[in-house]
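# Here is a sequence together with a model predicted from it:
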Amino acid sequence: MSENDKHQSMEAGEIARFLSYIVLLLTSVALFVSAGHIPSSMFETLGAGAVPRFVFGTIILVAFIAVVDSLRKIPRDAWDRFGADTLRWVKSRFLVLLCFGIFVLYLLVLPVLGFSLASFAFVLAIQVLLMPRSPVTILIAVFVALAFSFGLNALFADVFNVFLPRGDLFHG
Amino acid sequence: MDSLLSALSQIFALSTLTFMLVGTVAGIIAAAIPGFTVTMAIVLTLPLTFNMDPLQGVAVMLSVYVGGLTGGLISAALLGIPGTPSSVATTFDAFPMARKGDPGRALSLGVWASFFGTLISTAVLVVAAPPLAVFAVKLGPWEYFSLIVFALTIVASLVGSSVLRGLLAGLIGLAISTVGADPILGRPRFDFGFEMLETGLPFLVVLIGIFAISQLLSEVEDARTVRSGASLVTGAIDFKTFKVMKEVLMSPVNLARSSVIGVLIGALPGAGGSISNLVAYDQAKRASKTPEKFGNGTPDGVIASESGNSATAGGGLIPLIGLGIPGSAVDAILMASLMVHGISVGPRLVLDHSDLVYGMFIAMAVASFMMLIVSVLSMRLFLRVAAVPKWLIVPTVLVCCVVGAFALNNRVTDLYLLGFVGLVGYALRSLGYPLAPLVLGVILGPIAETNLRRALMTDGDPTLFLTRPISLIFLIAAVLAIAWAVRNHIKTNKNNGKNAQDAS
């Protein structure tokens, strides 16, 4: 990455941070207002909504300072490049996003397929995605997937008496 | 005396010693894996201790902790990758020493320094925790609230490059802690009709999501490194066990100074091994007659870093046992394990459960001996773990996280929360928000709110926070901590600007 690319990437990062401050600011304003509707108590000076109001009020203040500080650091022309920089960042994090997507899918099918089957498929899929492929590594991957799915399930059920999801599909 | 004997009999029971040995080995292995922190190892151990006696459970977790503080040394020395954040400074000298053909000495120095660091911190813990607890029972909700305020400001000022983002992260943690029934009257807050939110967000699921999932996702950012799958560990290893022990003991000042730094930083709420190893290394370098040797494989650098990070274990237990305040995420999990067994952790812990407290002291010492024996006997085996490629680590640890999150409440909805929190954690990490303040905000938030409201229910006069001397001291310390952080931030910015000018 050249110096210019690095500089542009830092500017894009600052814009992303600026947007995160805005999201925090707006969410905090909404929750600050919502905290005002929590009923107070006649038994105490502070009600259940006092601390949330204080916390969200402080976030509003700090996020506002952060917004101003961030705006100061972002050059005007950086905004034009933000879309392209974001796309480049997403492309560079392709593997992270793919792994996370598979993880989410795993969490969604886990109650349906059960821990053992879902975990076996998940561990094997991620390993195959990340590993340098050869007959030996594939064999290791299958063995590890078995150990961390069916093996782990048996360990928790038989040794620790902790029962992981059995799956609605087969035991519904 | 009865409590001490009871603790001794519980710790030296064969089953407890066996579990502790397994815990020590597991801690060393876990921390040797890059990306697998001590915190994650302890989190994964927690559900396994639910069926144990309270002391047995805590002893096993302490073994994992002590083992883990040493295990980070393995990948730090041999691969130049800190296995855990607490072994960052270990890479500065242990790695060059290993590269120069002396990996056994580098490992052995680290193991002995860790052993002595843990022993020194246990001794300080034994002396300091009981009087602090007796003092602490006299404190009221005003002092506790001010102490938590102080703890929160330390977190924000010590972690990360940006004070603003550090503060925001801590505040997000506090905001998360306000979800669910309020701690005094149980009124519903921010549950938005979701049943899962009615009792609040389970903090261990938040912890696993924030630390583990986001860390594992960041491990696969560089596709080329992940897919290379190559091992970096080569060459024969000679530990020179007793020769190196003498070498470590020949540096008593460095060892004692680094251990005391570790204890003090460990005792500060919010600080921990990730800071103490760097501070201890920095102090050793400043005090050395040959500072130019640091960074090139000097033994003093390894001793300072490893004794500094291992001593935080005992230090962190001082506020936990004395005040009922977890000094770090690991201490918070230890606290949670006791709470699962219905034990209220606070200043009365020493008075009401003295056998448990004595047991924790003994377990620390026993765990450090176990760590030493295990390390010396089987370091060659552990080397293989450090060589495990990321393509094996990432999916298997993710599955372990899922098991850890599910086993806590047996709720599938907690798994969806885990995924969501993991994504938020990764986003915050990518945006440069420090994650430690957020987690400590989640932990300290309810304690702060309970004490604030209790104080004002006892006496409606808010000036008591300023007129009660100890409360005032904590509040002044909080203001000073913020001022110190802001000053350092300005100084760093100035230096960075100056360096940039010089470079151009």
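Structure received. Numbers count the residues shown, from 1 in each chain, chains lettered A, B, ... in the order given.

# where along chain A do the helices fall?
Using DSSP state H, the helices of chain A run over A:3-35, A:50-73, A:78-92, A:94-113, A:115-130, A:135-146, A:152-158, A:168-171.

# which residues of chain A score low on pLDDT?
Within chain A, the stretches with pLDDT under 70 are A:1-10, A:160-161, A:171-172.

# Can you tell me the centre-most residue of it?
For chain A, A:Phe100 is the residue whose C-alpha lies nearest the centre (CA atoms, centre = their mean; 8.3 Å).

# hang on, isn't that one packed against B:Ser214?
No: taking contacts as CB atoms under 8 Å, A:Phe100 lies outside contact range of B:Ser214: 10.1 Å. Where C-beta positions appear, they are placed from N, C-alpha and C, glycine not excepted.

# Mutual contacts of the two, please.
Common neighbours of A:Phe100 and B:Ser214 (criterion: CB atoms under 8 Å, 6 or more residues apart in numbering or on different chains): B:422, B:426.

# Same list (the helices of chain A) but as a markdown table, adding distance to B:Pro347.
Shown next, in a markdown table, are these (distance: least, CB to CB, whole Å):
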| stretch | distance to B:Pro347 |
| --- | --- |
| helix A:3-35 | 31 |
| helix A:50-73 | 23 |
| helix A:78-92 | 49 |
| helix A:94-113 | 41 |
| helix A:115-130 | 41 |
| helix A:135-146 | 47 |
| helix A:152-158 | 36 |
| helix A:168-171 | 48 |
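
# out of these, deepest packed?
Across the helices of chain A, averaging neighbours per residue (mean count of other CB atoms under 10 Å in any protein chain shown) puts helix A:115-130 on top, at a mean of 22.

# tilt between that helix and helix A:135-146?
Orientation note: helix A:115-130 sits at an angle of 150 degrees relative to helix A:135-146 (axes from the mean of the first three to the mean of the last three CA atoms, to 10 degrees).

# I'd like to know how far the residue nearest to the centre of chain A sits from B:Ser218.
Look at A:Phe100 and B:Ser218: by CB to CB, to the nearest Å, they are 11 Å apart.

# any shared contact partners between these two?
B:Tyr426.

# how many other residues sit next to the residue nearest to the residue nearest to the centre of chain A when sequence neighbours are not counted?
With sequence-adjacent residues excluded and distances taken as CB to CB, 6 or more residues apart in numbering or on different chains, A:Phe100 is closest to B:Leu217, at 6.0 Å. B:Leu217: 24 surrounding residues under other CB atoms under 10 Å in any protein chain shown.

# Residue numbers of the stretch 351-500 of chain B in contact with chain A?
For the stretch 351-500 of chain B, the residues in contact with chain A (CB under 8 Å from any CB of the partner chain) are B:389-392, B:394-396, B:398-400, B:402-403, B:406-407, B:410, B:412, B:415-416, B:418-419, B:422-423, B:426-427, B:430-433, B:445, B:448-449, B:452-453, B:456-457, B:460.

# Would you mind checking these for buried ones?
B:389-392, B:394-396, B:398-400, B:402-403, B:406-407, B:415-416, B:418-419, B:422-423, B:426, B:430, B:432-433, B:445, B:448-449, B:452-453, B:456 (16 or more other CB atoms under 10 Å in any protein chain shown).

# do stretch B:12-29 and chain A meet?
No: applying CB under 8 Å from any CB, one finds stretch B:12-29 out of contact with chain A, separated by at least 11.6 Å.

# Please spell out which residues along that stretch are buried.
So for stretch B:12-29, counting by 16+ other CB under 10 Å, buried means B:16, B:19-29.

# Out of the residues you listed, which one has the lowest pLDDT?
Looking at these by pLDDT, the weakest one is B:Ile29, with 79.

# Next one: that residue from B:Gly72, what distance?
On the measure of CB to CB, B:Ile29 and B:Gly72 end up 11 Å apart.

# cool, A:Ala121 as well?
32 Å.

# go on, B:Phe194?
Distance from B:Phe194 to B:Gly72, by CB to CB: 38 Å.

# So those two - more neighbours on which side?
Neighbours were counted for B:Phe194 and for B:Gly72 using other CB under 10 Å; B:Gly72 has more, 37 against 10.

# Give me the pLDDT for the more buried one.
In this model, B:Gly72 carries a pLDDT of 77.

# try B:Val421
91.

# Ok, B:Thr298 next?
89.

# OK, contacts around it?
If you count contacts by CB under 8 Å, 6+ apart, B:Thr298 has them with B:93, B:288, B:290.

# Can you lay out those as CSV showing neighbour count?
Formatted as CSV, the contacts of B:Thr298 follow (neighbours: other CB atoms under 10 Å in any protein chain shown):
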residue, neighbour count
B:Asp93, 30
B:Ser288, 16
B:Thr290, 9
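
# In helices, which of those fall?
Counting by DSSP H, the part of those found in helices is B:Asp93.

# and stretch B:130-139, what's its mean pLDDT?
In the prediction, stretch B:130-139 has an average pLDDT of 67.

# Could you chop chain A up by domain?
A:3-91, A:94-171 (automatic domain parsing).

# In a markdown table, list those along with distance to B:Ala304.
A markdown table is the format used below for these (distance: least, CB to CB, whole Å):
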| stretch | distance to B:Ala304 |
| --- | --- |
| domain A:3-91 | 33 |
| domain A:94-171 | 35 |
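
# Buried residues, stretch B:177-186. List them.
B:177-184.

# swap that for stretch B:2-9, please
B:6-7.

# Centre of the chain to that stretch, how far?
Relative to the centre of its chain, stretch B:2-9 is centred 28 Å away, using CA atoms, centre = their mean, to the nearest Å.

# Please save the CA atoms from it in PDB.
Output of stretch B:2-9 as PDB, limited to C-alpha atoms (Å, rounded to 0.1, in the frame of the first residue of the first chain):
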ATOM      1  CA  ASP B   2     -10.600 -24.200  61.200                       C
ATOM      2  CA  SER B   3     -11.200 -22.300  58.000                       C
ATOM      3  CA  LEU B   4      -7.500 -22.700  57.000                       C
ATOM      4  CA  LEU B   5      -7.600 -26.500  57.600                       C
ATOM      5  CA  SER B   6     -10.900 -26.800  55.800                       C
ATOM      6  CA  ALA B   7      -9.400 -24.900  52.800                       C
ATOM      7  CA  LEU B   8      -6.300 -27.100  52.900                       C
ATOM      8  CA  SER B   9      -8.400 -30.300  52.900                       C
END
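
# Residues contacting it, please?
Under the criterion CB under 8 Å, 6+ apart, residues B:55, B:354-356, B:358-359, B:361-362 lie in contact with stretch B:2-9.

# before we move on, the earlier item: intersect the buried residues of stretch B:177-186 with the contacts of chain A.
Contacts with chain A are made by B:178, B:182, B:184 out of the buried residues of stretch B:177-186, judged by CB under 8 Å from any CB.

# will you turn those residues into a markdown table that also has secondary structure and distance to B:Gly140?
As requested, those are exported to a markdown table (DSSP: H, G, I helix; E, B strand; the rest coil; distance: CB to CB, whole Å):
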| residue | secondary structure | distance to B:Gly140 |
| --- | --- | --- |
| B:Thr178 | coil | 23 |
| B:Asp182 | coil | 21 |
| B:Ile184 | coil | 16 |
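
# pLDDT check: weakest of the residues you listed?
Lowest pLDDT among these: B:Ile184, 83.

# where's the spatially closest residue to B:Leu125 that is not a sequence neighbour relative to chain A, distance?
Nearest non-adjacent residue to B:Leu125, counting by CB to CB, 6+ apart: B:Gly314, 4.1 Å away. Distance, B:Gly314 to chain A, using CB to the nearest CB, to the nearest Å: 29 Å.

# Cool, thanks, talk later.
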